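Asks: kindly generate the corresponding structure for this input.
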Amino acid sequence: MRPQGITKTIDLGDGKVITIETGVLAKQADGSVTVRIGDTILLATVVATKEAREGIDFLPLQVEYREKFSAAGRFPGGFFKREARPSDHETLTSRLVDRAIRPLFPDDFHGDMQVIISLMSSDKQNQSDAIACLAGAAALAVSDIPFGGPVSEIRVVRVNGKFILNPTWAEQEGADMNLIIAGTATDILMVEGEMKEVQEADMIAAIKVAHEAIKVHCKVLNELSAAVPKSQTKRTYNHENNDAAIGQLINDFCYQKYYDLALVASGKEERSANFAAIKEACLATLTDEQKTDKAMLGRFFKKTQKKAVRNVVLDKGVRLDGRKTTDIRDIWSEIDVLPGTHGSAIFTRGETQAINMVTLGSSMDEQTIDVATGKSTVNFMLHYNFPSFSTGEVKPIRGPGRREVGHGNLALRALKPVIPPAPGNPYTIRLNCDVLESNGSSSMATVCSGTLALMDAGIKITAPVSGIAMGMISDGKRHAILSDILGDEDFLGDMDFKVTGTAKGITATQMDMKVDGLPYEVLAQALEQARQGRLHILSEMLKTIAEPREDYKPHAPRIITFDVPKESIGPIIGPGGRVIQEIQAETGAVVSIDEVDGRGIVEVSSENKASIDAAVARIKSIAFPPQAEIGVTYKGKVKTIMPYGAFVEIFPGTDGLLHVSELAWSRVDRVEDFLKEGEMIEFQVTGKDPRSGKLKLSRRVLLPKPEGYVEREPAMEGDRRDDRPRREFRDRGPRRD
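Replies: Down below sits the predicted model:
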């Protein structure tokens, strides 16, 4: 018998209803729920250990979002036919949930925790990533795990000036804003999304619309939690040892020294060494017993250093490297640094440096995306790499981690709006960025170097894009907005706010808040300061290259696209692909053809213009064949030899029959004695067979007629080979042995 679950609903308007149910599935987890919108259903579970592992002084939280192909009635691709490593989409969705819930756990809770959110059913209309955080937060709400929620997430898009909450795939077509926003009933915690050069005020308006909906979500989650007895008593824990007396000793010894050091401008390595020296001096004053708990000491040192540096910024308006709050670090950039690539650029801002490489390809190089809800292709890719040497560390080389996938996706969304569609851009484009040095905002360096590399490659982007990372420090009464933050400022600040855009408007953003109660006025100030910084960075970039190159690099592939009639697609491809393969083999060009909107779209690419011209000529002669004229002499290739003659190509896609009787004036017993397949011969078109419609060819009419030649009588009706009399068949009865 099905257990009686607890159900709550959220009405989004426009006929959309979210249903949350608990108490039915996965009841051995600390918390579990199903969340449904339409026929899209997520199962979310959370489990946390009651004790922390030894030596752990952080929250070991895993957020895993997974999509079952069965949810959409599909088989996974590949040999094993089962889900493998998470796709980029699953990784990015996991990050969205993680960034929303992680700040809300108690600082001293260090139990291993795993939040698993699984797509169990998909209607292929409602997007599951928009309700993933709601599902995870609901699982936490019905558990006994200490959590500062409720929290929720919602997608908001703008189509034709109208905001739509949690749109279907069809509803978000043509949107100029697409944001996912997370928050509590009182605060915005996270913003992620892409835009088509929108204004800062429009972005704030979208956040406000989303927050009103989030408040409703949080109210429902509180009601759900109140209906579950288990969630009313949160578990007790003791995951940290904190000796307040030792903390005070460290604060008394270090605070002023940290404060004075923060007033002196210094580089990353020097600053790190100076802070470490203060720590060592303090440790020398402590007894062995006081130094027993190293994790506790580390927390106290970090807390004291953070407080001192933050107060310097709030008191003096001075930052660790000596800049004022609005100052941007020195910038230099260079293009065409890697001659073997199709485009390249280096962008350096302070102690952050990125090198970006462009590769141009044809439609055959497009990436196929195979996820549970269906297959698609993309022709613009950006891959971000963060090698350990960029921060002076030694680490094993592994595949891209979640951070690399997330930073790469942010840069991709920043640049995607300015990539022109075909025919303005016939290429598949890959940007490959390596971070060579890192001290703050390497993802924004990826955007800037990507813009420069695209222009160096000759891609006619609609506008150059720059990016900046903003920070904030607040004590509840005072706040300071920091432009172009350092890595240290990211750690000690209350906000990490990345904004990218053109001179006209914003193209992408990513914001994470670590403080409660950020007024919209402060957010507006941060956006305006970001705009000013973005424009300054853009002006520095344009000193290196002001607009895309007129032409592509000499060694870059050239691509020609043109339309052909739909009925020509088959003849161009040929039986089993024989014709198109022959064209590629003979010309050296790469040819692809596809049907779009009832017409054939042909794409021909090569680094050699002559190859393209030859392939285009062959294809057009098939799609738009010339008409063979009777009595005109042509030269063509022998395609197929048969006992009764040979089929000869007059034009590509057009051939005729050269009958055995038209090979020579003399008698021909074997066609192979006169012709070979693939041989080029001259012939004349003499007519058309009224039954088959095939053109009739003759070779002998071009040869001298032998002296005294007498024309033979025409072949009897039904003789398919030559003009010899047809043999009479006689029934001789059964054969005798």
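Asks: and the strands in the stretch 451-600 of the chain?
Replies: For the stretch 451-600 of the chain, applying DSSP state E, counting those that start in this stretch gives strands covering 466-474, 479-483, 495-501, 506-513, 558-564, 590-596, 599-606.
Asks: what angle do strand 506-513 and the third one make with each other?
Replies: Meaning strand 495-501. Angle of strand 495-501 versus strand 506-513, following axes from the mean of the first three to the mean of the last three CA atoms, to 10 degrees, is 180 degrees.
Asks: any idea of the mean pLDDT in strand 495-501?
Replies: For strand 495-501, mean pLDDT rounds to 93.
Asks: restricting to C-alpha, output that strand in CSV.
Replies: C-alpha atoms of strand 495-501 as CSV (Å, rounded to 0.1, in the frame of the first residue of the first chain):
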residue,chain,number,x,y,z
MET,A,495,30.7,39.2,-3.1
ASP,A,496,32.1,37.8,-6.3
PHE,A,497,30.4,39.5,-9.2
LYS,A,498,31.5,38.9,-12.7
VAL,A,499,30.0,41.0,-15.5
THR,A,500,30.8,40.8,-19.3
GLY,A,501,29.6,42.9,-22.1
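Asks: helices or strands next to that strand in the packing?
Replies: Applying 3 or more CB pairs under 8 Å, 6 or more residues apart in numbering; DSSP states H and E, we find strand 495-501 packed against helix 402-415, helix 442-457, strand 466-474, strand 506-513, helix 520-542. C-beta: built from backbone N, CA, C; applies to glycine.
Asks: just checking: what are the partner strands of that strand?
Replies: The pairing partners recorded for strand 495-501 under DSSP bridges are strand 466-474 (antiparallel), strand 506-513 (antiparallel).
Asks: so which of the ones you listed comes closest to I583?
Replies: Closest to I583 of the strands paired with strand 495-501 is strand 506-513 (CB to CB; 40.2 Å).
Asks: any idea which element the residue nearest to Y634 when sequence neighbours are not counted lies in?
Replies: Leaving aside its chain neighbours, Y634 sits nearest to I650 (5.4 Å; criterion: CB to CB, 6 or more residues apart in numbering). Using DSSP states H and E, I650 maps to strand 645-651.
Asks: quick check: buried residues in that strand?
Replies: G645, A646, F647, V648, E649, I650 (16 or more other CB atoms under 10 Å).
Asks: contacting residues for the closest residue to K705 other than its chain neighbours?
Replies: With sequence-adjacent residues excluded and distances taken as CB to CB, 6+ apart, K705 is closest to W665, at 5.9 Å. Going by CB atoms under 8 Å, 6 or more residues apart in numbering, W665 touches R700, L703, K705, P706, Y709.
Asks: I'd like the strands of the stretch 451-600 of the chain laid out as TSV, including mean neighbour count and distance to T368.
Replies: As requested, those are arranged in TSV below (neighbours: other CB atoms under 10 Å; distance: least, CB to CB, whole Å):
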stretch	mean neighbour count	distance to T368
strand 466-474	26	29
strand 479-483	22	40
strand 495-501	26	27
strand 506-513	24	24
strand 558-564	17	20
strand 590-596	16	14
strand 599-606	21	17
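Asks: A354: which of those is closest?
Replies: Closest approach to A354 among those (CB to CB): strand 466-474, 11.0 Å.
Asks: name the single longest helix found in this structure.
Replies: Counting by DSSP state H, the longest helix found in the chain is helix 200-226.
Asks: so which bits of that helix are buried?
Replies: For helix 200-226, burial by neighbour count (16+ other CB under 10 Å) applies to 200, 202-203, 205-207, 209-211, 213-214, 216-218, 220-221, 224-225.
Asks: CA atoms only: put the helix or strand following that helix into PDB for me.
Replies: Following helix 200-226 in sequence order, the next helix or strand is helix 244-262 (DSSP H and E). Taking Å, rounded to 0.1, in the frame of the first residue of the first chain, the C-alpha atoms of helix 244-262 are listed here in PDB:
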ATOM      1  CA  ALA A 244      38.300  31.700  22.700                       C
ATOM      2  CA  ALA A 245      41.300  32.600  24.900                       C
ATOM      3  CA  ILE A 246      43.700  31.400  22.200                       C
ATOM      4  CA  GLY A 247      41.700  33.200  19.600                       C
ATOM      5  CA  GLN A 248      42.100  36.400  21.600                       C
ATOM      6  CA  LEU A 249      45.800  35.900  22.000                       C
ATOM      7  CA  ILE A 250      46.200  35.500  18.200                       C
ATOM      8  CA  ASN A 251      44.000  38.600  17.500                       C
ATOM      9  CA  ASP A 252      46.000  40.700  20.000                       C
ATOM     10  CA  PHE A 253      49.300  39.700  18.600                       C
ATOM     11  CA  CYS A 254      48.400  39.700  14.800                       C
ATOM     12  CA  TYR A 255      45.600  42.200  14.100                       C
ATOM     13  CA  GLN A 256      47.600  45.400  14.100                       C
ATOM     14  CA  LYS A 257      50.500  43.800  12.300                       C
ATOM     15  CA  TYR A 258      48.200  42.500   9.600                       C
ATOM     16  CA  TYR A 259      46.500  45.900   9.400                       C
ATOM     17  CA  ASP A 260      49.800  47.800   9.000                       C
ATOM     18  CA  LEU A 261      51.000  45.200   6.400                       C
ATOM     19  CA  ALA A 262      47.800  45.600   4.400                       C
END
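Asks: got a list of contacts for helix 244-262?
Replies: Under the contact criterion CB under 8 Å, 6+ apart, helix 244-262 has outside partners 271, 274-275, 278-279, 281-282, 285-286, 290, 296-297, 300-301, 303-305, 307-309, 311-312, 318, 320.
Asks: quick one: which of those sit in strands?
Replies: Applying DSSP state E to the contacts of helix 244-262, no entry is found in strands.
Asks: kindly state the pLDDT recorded for L523?
Replies: Value listed for L523 in the pLDDT field: 89.
Asks: let me fix that: L703
Replies: On the pLDDT scale, L703 is placed at 88.
Asks: how far away is it from S143?
Replies: In this structure, L703 and S143 are 95 Å apart, going by CB to CB, to the nearest Å.
Asks: N251 too?
Replies: Taking CB to CB as the measure, N251 falls 36 Å from S143.
Asks: more neighbours: which of the two?
Replies: More crowded of N251 and S143, by other CB atoms under 10 Å: S143, with 25 against 18.
Asks: let me know the secondary structure of that one.
Replies: Taken by DSSP: H, G, I helix; E, B strand; the rest coil, the conformation at S143 corresponds to coil.
Asks: can you dump the C-alpha atoms of the strand holding I650 in CSV for me?
Replies: Extracted in CSV, the C-alpha atoms of strand 645-651 (Å, rounded to 0.1, in the frame of the first residue of the first chain):
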residue,chain,number,x,y,z
GLY,A,645,28.2,-1.2,-74.4
ALA,A,646,29.3,1.4,-71.8
PHE,A,647,27.7,4.2,-69.8
VAL,A,648,29.7,7.4,-70.3
GLU,A,649,29.5,10.6,-68.2
ILE,A,650,28.6,13.6,-70.3
PHE,A,651,28.4,16.0,-67.4
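Asks: mind giving me the packing neighbours of that strand?
Replies: Short answer (3+ CB pairs under 8 Å, 6+ apart): strand 645-651 packs on strand 633-642, strand 654-659, strand 680-688, strand 695-698.
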